[in-house]
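In: Just the structure for this:
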Amino acid sequence: MKAYTIIAALLLVGLGFYFGNSFKEESTESQHQDYTLKGSFENKEEEDNANDKSIANQDIGYNDISAAFANQEEATIALFERSASSVVFITTSTFQQDRYSMNIYEIPKGSGTGFIWDDMGHIVTNFHVIEGSSKFTVTLADQSSFEASVVGVEPNKDLAVLRIIAPGKSLRPMPVGNSNPLRVGQSVFAIGNPFGLDQSLTTGIISAVGREIKANNGRIIKGVIQTDAAINPGNSGGPLLDSSGRVIGVNTAIYSPSGASAGIGFSIPIDVVKWVVPDLLKYGEVRRPIIGIELLPQQYHSSAGSMIKEVNPGTPAEKAGLVGVKRSSSGKLIPGDVIVQINQYKIKSNNDLILALEKFSIGDEISVKFNRRNEFKQVNLRLASSLN
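Out: Numbering: from 1, shown residues only. Below you'll find the model as predicted:
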């Protein structure tokens, strides 16, 4: 009996030890699972927080971009609102007499754009906008209209100046900039009246500088600004502005077979305008420095340079001894002097000579190098005025 009791006690101790270890292992595994689950939840929470921060950062970047665009739009809106009051709508017409009734009829001819130059009512536009017309009407931004008179024209630069008599408060001159430092890629803004739709704004960049275009009379205009800002019929004569709202050019032409904007437009540089307009205001035409010669058309000679056809009497050219085309006693034509250089400027064509003279002022003394029957000579002369 005693032995039985001892065996039973040992069996109970063994069972207790066994179940104790099992419970301990289960508890440890449970704790490990709890730890693992807890770690997973903590990692998930950290991941969620990181995602939230990433989304927040994305929102901040998006907001920054939106703000940048908003600021740019606000700047463009402000530029237009500030500048539009200086841009005018020009309509032109001619008069025709009926052959039967003898009545005079006014016939609309065209339209274009211009901008206010000063508080005296002077309007700058293109020459081709008013060419061939008899009556000119200028409509301001407040829709008030005034009949305009022609102050002066310069067909060689496709520029003209009109004048209106309007209340001073209606005249807001447009600030003028510089075209010399312009760079490709610079933002530009064109305000005009394309197809008669007044107060239209187009934007773009300077695509190129130093381009050449032909005026209606065939003369070359150099240093022209090329832009991709949309320029259409009716934009002619309107201002091309920089991002500060200053005029840097006068929109004058588009390059398009269809006659509509094709991404290439041209503007006369404001530096040329600033050179032309003061003479138009004072004299009605550009007071150019001249040598006093008539040039032989380029197609009539093969010489590299500008051949003198005729020397006008009493001019600097005559005083310097330059000679034009002559005819010998036997009837043979003797070529005139061929100008090949003025100061440092090489002359290869008639246009080169015209453009070179524009760089000087009346009264300047210049050096003229020329070819006289295969012998190069040089003379100095003082430039006279085209008005004399």
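In: and residue 293, what does it touch?
Out: Neighbouring residues of residue 293 by Cβ atoms under 8 Å, 6 or more residues apart in numbering: 308, 309, 310, 311, 312, 315, 317, 322, 324. Using the backbone N, CA and C atoms, a C-beta is placed for each residue, glycine as well.
In: out of the residues you listed, what pair is the most spread apart?
Out: 309 and 315 (13.7 Å; Cβ to Cβ).
In: Mind checking which of these two has more residues around it?
Out: residue 315 (18 against 15; other Cβ atoms under 10 Å).
In: Burial check on the closest residue to that one other than its chain neighbours, number of neighbours?
Out: Nearest non-adjacent residue to residue 315, counting by Cβ to Cβ, 6 or more residues apart in numbering: residue 292, 2.2 Å away. For residue 292, the neighbour count with other Cβ under 10 Å is 22.
In: correct me, but residue 292 touches residue 320?
Out: No: taking contacts as Cβ atoms under 8 Å, residue 292 lies outside contact range of residue 320: 9.2 Å.
In: low-scoring stretches of the stretch 1-150 of the chain, by residue?
Out: 1-70, 98-102, 105-106 (pLDDT under 70).
In: can you rerun that using 90?
Out: Low-confidence segments of the stretch 1-150 of the chain, defined by pLDDT under 90: 1-75, 93-111, 132, 134.
In: Quick check: buried residues in the lengthiest strand in the chain?
Out: Assignment by DSSP state E gives strand 200-214 as the longest strand of the chain. Within strand 200-214, the residues that qualify as buried are 200, 201, 202, 203, 204, 206, 207, 209, 211, 213, counting by 16 or more other Cβ atoms under 10 Å.
In: Would you confirm that the last one contacts residue 267?
Out: No: counting by Cβ under 8 Å, residue 213 does not reach residue 267; the two are 9.9 Å apart.
In: Need the overlap of contacts for the two.
Out: Common contacts of residue 213 and residue 267, defined by Cβ under 8 Å, 6+ apart, comprise 224, 252.
In: Which two of the buried residues of strand 200-214 have the greatest separation?
Out: Largest separation among the buried residues of strand 200-214 by Cβ to Cβ: 200 and 209, giving 24.5 Å.
In: Return a ChimeraX selection command for the buried portion of the contacts of residue 293.
Out: To isolate the buried subset of the contacts of residue 293 in ChimeraX, counting by 16+ other Cβ under 10 Å, use the following:
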select :308,310,311,315,317,322,324
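In: Sort out for me which of the contacts of residue 293 are in helices.
Out: Residues of those located in helices (DSSP state H): residue 317.
In: Could you pull out the buried residues of the strand or helix carrying residue 367?
Out: Counting by DSSP states H and E, the element that carries residue 367 is strand 365-372. Going by neighbour count (16+ other Cβ under 10 Å), the buried part of strand 365-372 is 366, 368, 369, 370, 371.
In: returning to what we had before: any chance of CSV for the buried residues of strand 200-214, columns distance to residue 166?
Out: Shown next, in CSV, are those (distance: Cβ to Cβ, whole Å):
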residue, distance to residue 166
200, 22
201, 23
202, 27
203, 29
204, 31
206, 33
207, 36
209, 35
211, 35
213, 32
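In: Take those residues and write them to TSV, including pLDDT and distance to residue 193.
Out: As requested, those are exported to TSV (pLDDT from 0 to 100; distance: Cβ to Cβ, whole Å):
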residue	pLDDT	distance to residue 193
200	87	7
201	91	11
202	91	12
203	92	16
204	93	18
206	94	22
207	93	23
209	88	26
211	89	24
213	88	21
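In: and which of these is nearest residue 334?
Out: residue 213 (36.5 Å).
In: quick one, helices of the stretch 51-200 of the chain?
Out: 127-130 (DSSP state H, counting those that start in this stretch).
In: who are the neighbours in contact with residue 160?
Out: 124, 125, 126, 127, 129, 130, 150, 152, 153, 154, 280.
In: again, only this time at 6 Å
Out: Neighbour list for residue 160: 125, 127, 130, 153 [criterion: Cβ atoms under 6 Å, 6 or more residues apart in numbering].
In: Which single one of those residues is nearest to residue 110?
Out: Closest to residue 110, out of all of the contacts of residue 160 and judged by Cβ to Cβ, is residue 130, at 8.8 Å.
In: List the buried residues of stretch 117-124.
Out: 117, 121, 122, 123, 124.
In: I meant to write stretch 271-280 there.
Out: Buried residues in stretch 271-280 (16+ other Cβ under 10 Å): 271, 272, 273, 276, 277, 279, 280.
In: what's it in contact with?
Out: 152, 154, 157, 159, 161, 179, 180, 250, 286, 287.
In: out of these, what pair is the most spread apart?
Out: 152 and 180 (24.2 Å).
In: and residue 206, how far is that from residue 281?
Out: For residue 206, the distance to residue 281 equals 28 Å [Cβ to Cβ, to the nearest Å].
In: Kindly report the same for residue 295.
Out: Residue 295 is 29 Å from residue 281, by Cβ to Cβ.
In: So between those two, which is more surrounded?
Out: Using other Cβ under 10 Å as the criterion, residue 295 and residue 281 rank with residue 295 on top: 19 against 16.
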